[in-house]
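**Q** Quick one: sequence and predicted model below, then my questions.
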2 protein chains.
Amino acid sequence: MSQNPKPGFTGSPINRSDKIRMNADALAAARAHPDARFLPLMKLDPHLLDERLLWLTPEQVPDEADMLFLGIEQDAPRFAVDLSASQLSTEPLTAHQAIARISAEEAASYAGARSLMDWHARHRHCPACGTATEMRRGGWMRTCPGCGAEQFPRVDPVVIMLAEHEGQVLVGRQPRFPPQSYSALAGFIEVGESIEEAVARELHEEAGVTATDVRYVVSQPWPFPSSLMIGCFAQVTGRDIVIDEDELEAAMWVSRDEVRAALNGDGRFRTAPPYALAHTLLSRWAAEG
Amino acid sequence: MSQNPKPGFTGSPINRSDKIRMNADALAAARAHPDARFLPLMKLDPHLLDERLLWLTPEQVPDEADMLFLGIEQDAPRFAVDLSASQLSTEPLTAHQAIARISAEEAASYAGARSLMDWHARHRHCPACGTATEMRRGGWMRTCPGCGAEQFPRVDPVVIMLAEHEGQVLVGRQPRFPPQSYSALAGFIEVGESIEEAVARELHEEAGVTATDVRYVVSQPWPFPSSLMIGCFAQVTGRDIVIDEDELEAAMWVSRDEVRAALNGDGRFRTAPPYALAHTLLSRWAAEG
């Protein structure tokens, strides 16, 4: 077990090249570049070819398709394209199946493309006035022809944390988890609060524990649909737990040895896959002891 | 200068009490509680009474007004109410005027109320289908009667950072800043990237510097309109700067002594007010030397 495993969905080799987004001519040139490559998603899921993401050439994509500009990789423009309406002879893998098979770098590129495409699918109208909006900047903005409002892809910050007390950390399980699976507690950061306040609020709401000190550890994006996961450790004042039964069906304190066993797949509980920040947080905590 | 000044807009004494939001009966009881208090905002700006936020009693607010449930403070329910259409005999202060006069705790309560109300003002339609949406959960959700989509208040994570090299940090100025004012560089986190990746990208885009190590420091909400400011220090490889002239009109390296002078209001540059995270970041960095 590496002491500092890299968080999931980080390390994409694509440079976002924001200057190209902002310039319609540069964007058109990128689109027409012979080395341009296009990531086809079908209902947000990718295709693989020999255990790598399938990227299409310019000849393989319909001229009229909406292109999302992802950036530049080794001088070659990269786009995502929605092929949900097309028929490939193979079925796409689900996102989780694909992520388990491709490299971490490819997973990071896919995650950004997926979140961006999903945002467009669910934000085709102006939230201010209801008018149908138009895509701009290679997919990094939508504008309203009615009221002029500009919309940008949404990123939802989430705190995910391990409450810590006397050498143990708190893990919980939601009813939707696979059997025996436990993870770090988590929740969306709300308007008007800091990361540290959100950690304390969520721990109190979900488990009835009181945080006295919150320490940021690591972050990563999470493309289901577009969260920013912010991982923390929090010292709490005691072991007594009162779980919020609307959120959790169980919670328990576990030791470093138990966490190490779970990360190795042979403990009394199972936990999240390596590309989830809960896994990284548990690994970092286990490595501190 | 305190070593650990508290970040702006944190420390509200209001408990968000999410269980009340979710329960229509509890919400109605809170609304009807004789000790309930209502923060009137006019075009998002507050009123003060003797240098404190003006809160109205149940008798003072119109029955039909939309109420945003902020939570419970000392057993008393707290709401925000939009009185933009009413006439008070006094003009509200601007937000920045008010924030400079009220306590940090009151500023935190106001900030959350402002962000929440602003979100409703700009999100009255369903982004999926355009239908007019309806407020739910005391203002913490909107639902679409057309397609059923649920919308939640938006929080936009922003990285704000000091690039650090050989005992100096990089500050920049945007054309809109007051004369001689410089601040930490900042930018929105995008879909598909971590905090650390966003810091490195923004420093490279805006100043042409290369980050090798990013260290999280502190966070706070920023209610213009609803950002989560995530403050970091970043070691960079060199002093050479290439500024993005679409973002900055100048940038410069400054020493700890220069930062201390600026924070005391008598340096070669001016900087952000204490309730801005740039101020906190500069204070924390100055205190490390």
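**A** On my side now, so go ahead. Please read all numbers here as calculations on a predicted model, not as lab measurements. Numbering: from 1, shown residues only, chains lettered A, B, ... in the order given.

**Q** residues making contact with stretch A:202-212?
**A** Identification of contacts with stretch A:202-212 by C-beta atoms under 8 Å, 6 or more residues apart in numbering or on different chains yields A:159, A:161, A:163, A:165, A:170, A:172, A:185-187, A:199-200, A:234-238, A:240-244, A:247-248, A:251, B:18. C-beta coordinates here come from the backbone N, C-alpha and C atoms, glycine included.

**Q** Sitting in helices, which of those residues do you find?
**A** A:199-200, B:18 (DSSP state H).

**Q** circling back to that earlier point, buried ones among the contacts of stretch A:202-212?
**A** A:159, A:161, A:163, A:165, A:170, A:172, A:185-187, A:199-200, A:234, A:236, A:241, A:243-244, A:247-248, A:251, B:18 (16 or more other C-beta atoms under 10 Å in any protein chain shown).

**Q** related to what we said a few turns ago, using a markdown table, lay out the ones in helices among the contacts of stretch A:202-212 together with pLDDT.
**A** Below are the ones in helices among the contacts of stretch A:202-212 laid out as a markdown table (pLDDT from 0 to 100):
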| residue | pLDDT |
| --- | --- |
| A:Val199 | 98 |
| A:Ala200 | 98 |
| B:Asp18 | 93 |
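
**Q** Out of those residues, the closest to B:Leu41 would be?
**A** B:Asp18 (22.0 Å; C-beta to C-beta).

**Q** Just want the most central residue of chain A.
**A** A:Trp222 (0.9 Å; C-alpha atoms, centre = their mean).

**Q** That one contacts A:Met229, correct?
**A** Yes: counting by C-beta atoms under 8 Å, A:Met229 is a contact partner of A:Trp222 at 4.9 Å.

**Q** Identify the contacts common to the two.
**A** What both A:Trp222 and A:Met229 touch, as defined by C-beta under 8 Å, 6+ apart, is the set A:158, A:277.

**Q** Three-state assignment for A:Ala30, please.
**A** Recorded secondary structure, A:Ala30: helix (DSSP: H, G, I helix; E, B strand; the rest coil).

**Q** That one: neighbouring residues, count only.
**A** Look at A:Ala30: counted by other C-beta atoms under 10 Å in any protein chain shown, it has 23 neighbours.

**Q** what's the answer for A:Phe233, then?
**A** Using other C-beta under 10 Å, the number of residues around A:Phe233 comes to 21.

**Q** wait, doesn't it sit right on A:Arg215?
**A** Yes: the pair A:Phe233 and A:Arg215 passes the contact test of C-beta under 8 Å, sitting 4.8 Å apart.

**Q** if you skip the residues just before and after it, what's nearest to A:Gln60?
**A** Of all residues not flanking A:Gln60 in the chain, A:Phe38 sits nearest, at 7.2 Å (C-beta to C-beta, 6 or more residues apart in numbering or on different chains).

**Q** Across the sheet, point out what pairs with that neighbour.
**A** A:Leu56, A:Phe79 (DSSP bridges).

**Q** Read off the pLDDT value for it.
**A** Per-residue confidence (pLDDT) for A:Phe38: 97.

**Q** can you check the one 10 residues further on too?
**A** Per-residue confidence at A:Leu48 stands at 93 (pLDDT).

**Q** got a list of what it touches?
**A** Neighbours of A:Leu48 in contact, by C-beta under 8 Å, 6+ apart: A:54, A:93, A:98, A:101-102.

**Q** so which two of these are the farthest from each other?
**A** Among the contacts of A:Leu48, A:Leu54 and A:Arg101 lie farthest apart (C-beta to C-beta), at 12.2 Å.
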